[in-house]
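K.L.:
what follows is a predicted protein model with its sequence.
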Amino acid sequence: MDHNSTSIYTSVTFALTWPFRPPEINGYADQVRQMSFARRTRARSRWRSPRASMGPFPAGIDVRPAELLAHLADRSYPVRTSFLGTTLVAADPSEIVCGPAVWEVLRRSPQRDVMGLAGAWMGFLGYDLALGAGTLAPACADPGGPPSAVLCRYDTVAQIAADGTCVVWGSGRPAHELVEMARDFARVGALGRLPDDVALPTSSLGRGAYQARVAEIGGRIRAGDFSQVNLAQRLAGAWARSPLEFANRLWAAAGPSSHAAYLGLPEGTLISASPEQLLRVCGGIATSFPIKGTAPVGRGAALAANTKDRAEHVMIVDLVRNDLGRVARPGGVSVTGLMAPLSTGYVEHLVSEIRAELADGVTPGDVLGAVFPAGSITGCPKIASMQVISELEPVARGAAFGSMIAVAPDGSLDASVLIRTAWLHGESAWYWSGGAVTWDSVPADEHAEAMAKARPFVEALGCA
């Protein structure tokens, strides 16, 4: 790269407040745009090393996360995840923590005087991380599966707003390199054609086995053992091409997803097209957005009026209220949105919003620990549901139904629910899908719902 011909930007404004607020609170995306330079010009200027600063450094306009990720895909622990209405992309972490030790990192006191995202922690907590604690049996053996959790500290982070405005947090040569990558407008190529004879994925629970388990759960609910259980299957297909190509295919098949994610690990690659946000923590407020209730595309109105779906949704809203109440100040939990429609390209959902004013001294790990794993993928009561899930599901959930997280040094946090999630290892691709079972569930309908949620995976494999 000839640094004498580096593009520079003319500054219009450089106002920045931190911690940021999401768009609906304080124009978060607008603040990211303010960090970047609004008018792009071409000039000849020698690069000045940003060693004395931690950013933000303007890195371009019209930057697409998938394209920047493509530059980093062959590096160590490349990551893409969501953070308060923006997308973060990074690689080459300075610190890596695995397994239950991630909770020690998450429960550290935030650095309130630190601005920005240099030094942010990103990674995932697998569903199986919650097992083996208390009365829950450990997860069953999972050959080829991911670690129970991985959390990485990234000293250099690209932050991309919804309109493509990008800034880089960091210092020295790594920040300079990431700025140059973001300014490279090379596009990710069009998705190539896959073979016509791709085999359909196999399931850990075939149609008959899945429906039999739905019937069993329904009987136990009617006997009073629990109120709702989220049953899941694992689909397995063949994939010998690059993980990044699979990610682009999954994201294209799923359509816009608020919490698309990617994490490359030595053991394999985690890829998600999740539309569900488990938790947002910012400025002493924690908010959760549980999704519950599913219907075919175009039947959103019928979903909102369906007694079964409304009942299963309200159960989970109440569970989330109780979870957040463990870390909130007295009387600080409220339901600020109930059963709003949420459309994807393959199913319709209902989503609610629960808000908590946090008690003094609560850390990001305290809040995450109170709600993890998400009630929307366990059922209620949570512990009883997780026990029957361990009994009836023949394979581990691994990373699926866990959470992809990003934590800023100041304690601001964004965590997804890892639904619509795949794990690639060797020449195999796994994907989990399921749904909530209640007392009046129809086994055939529940299996059809689980398969509908698997449509993005089937399309990504080239089977559809």
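P.N.:
Structure received.

K.L.:
parallel or antiparallel, list what pairs with the lengthiest strand in the chain.
P.N.:
Criterion DSSP state E: the longest strand present in the chain is strand 328-343. Next to strand 328-343 in the sheet, as set by DSSP bridges, lie strand 347-358 (antiparallel).

K.L.:
so after the strand it pairs with, what's the next helix or strand?
P.N.:
Per DSSP states H and E, the first helix or strand lying C-terminal to strand 347-358 is helix 364-371.

K.L.:
average pLDDT for the following helix or strand past that following helix?
P.N.:
Next helix or strand after helix 364-371 toward the C-terminus (DSSP H and E): strand 379-380. Mean pLDDT, computed over strand 379-380, is 96.

K.L.:
which other helices and strands contact the next helix or strand after strand 379-380?
P.N.:
On the C-terminal side of strand 379-380, the nearest following helix or strand under DSSP H and E is helix 382-392. Applying 3 or more Cβ pairs under 8 Å, 6 or more residues apart in numbering; DSSP states H and E, one finds that helix 382-392 contacts helix 207-222, strand 228-238. (C-beta placed from N, C-alpha, C; glycine too.)

K.L.:
tell me the buried residues in the longest one?
P.N.:
Of the residues in helix 207-222, those scored as buried under the neighbour-count criterion (16 or more other Cβ atoms under 10 Å) are 210-211, 213-214, 216-218, 220-221.

K.L.:
what of the shortest one?
P.N.:
Neighbour-count burial for strand 228-238, with 16+ other Cβ under 10 Å as criterion, is recorded at 228-237.

K.L.:
that one pairs with which strands?
P.N.:
With DSSP bridges as the test, strand 228-238 pairs up with strand 202-203 (antiparallel), strand 379-380 (antiparallel), strand 428-437 (antiparallel).

K.L.:
ok, now which ones touch the one residue sitting closest to the centre of the chain?
P.N.:
By Cα atoms, centre = their mean, the chain has its centre lying nearest to residue 416, at 3.5 Å. The contact partners of residue 416, taken as Cβ atoms under 8 Å, 6 or more residues apart in numbering, are 81-82, 258-259, 261, 272, 274, 276-278, 403-405.

K.L.:
if we can go back for a sec, dump the helices and strands packed on helix 382-392 to TSV, plus distance to residue 67 and mean pLDDT.
P.N.:
Formatted as TSV, those follow (distance: least, Cβ to Cβ, whole Å; pLDDT from 0 to 100):
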stretch	distance to residue 67	mean pLDDT
helix 207-222	39	98
strand 228-238	26	97
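
K.L.:
can you put these in TSV and add distance to residue 159?
P.N.:
Formatted as TSV, the helices and strands packed on helix 382-392 follow (distance: least, Cβ to Cβ, whole Å):
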stretch	distance to residue 159
helix 207-222	41
strand 228-238	33
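
K.L.:
residue 287 is nearest to which of those?
P.N.:
strand 228-238 (21.6 Å; Cβ to Cβ).

K.L.:
mind listing the residues bridging to the nearest residue to residue 203 once chain neighbours are set aside?
P.N.:
Among residues not flanking residue 203 along the chain, residue 233 sits closest, at 4.8 Å (Cβ to Cβ, 6 or more residues apart in numbering). Counting by DSSP bridges, residue 233 is bridged to residue 433.

K.L.:
verify the stated contact: residue 233 with residue 450.
P.N.:
Yes: if you go by Cβ atoms under 8 Å, residue 233 and residue 450 touch, sitting 5.9 Å apart.

K.L.:
returning to that earlier point: neighbours of the closest residue to the residue nearest to the centre of the chain other than its chain neighbours, how many?
P.N.:
Computed as Cβ to Cβ, 6+ apart, the closest residue to residue 416 that is not its neighbour in sequence is residue 259, at 3.6 Å. Residues lying near residue 259 (other Cβ atoms under 10 Å) number 24.

K.L.:
and the pLDDT for residue 259?
P.N.:
For residue 259, pLDDT reads 97.
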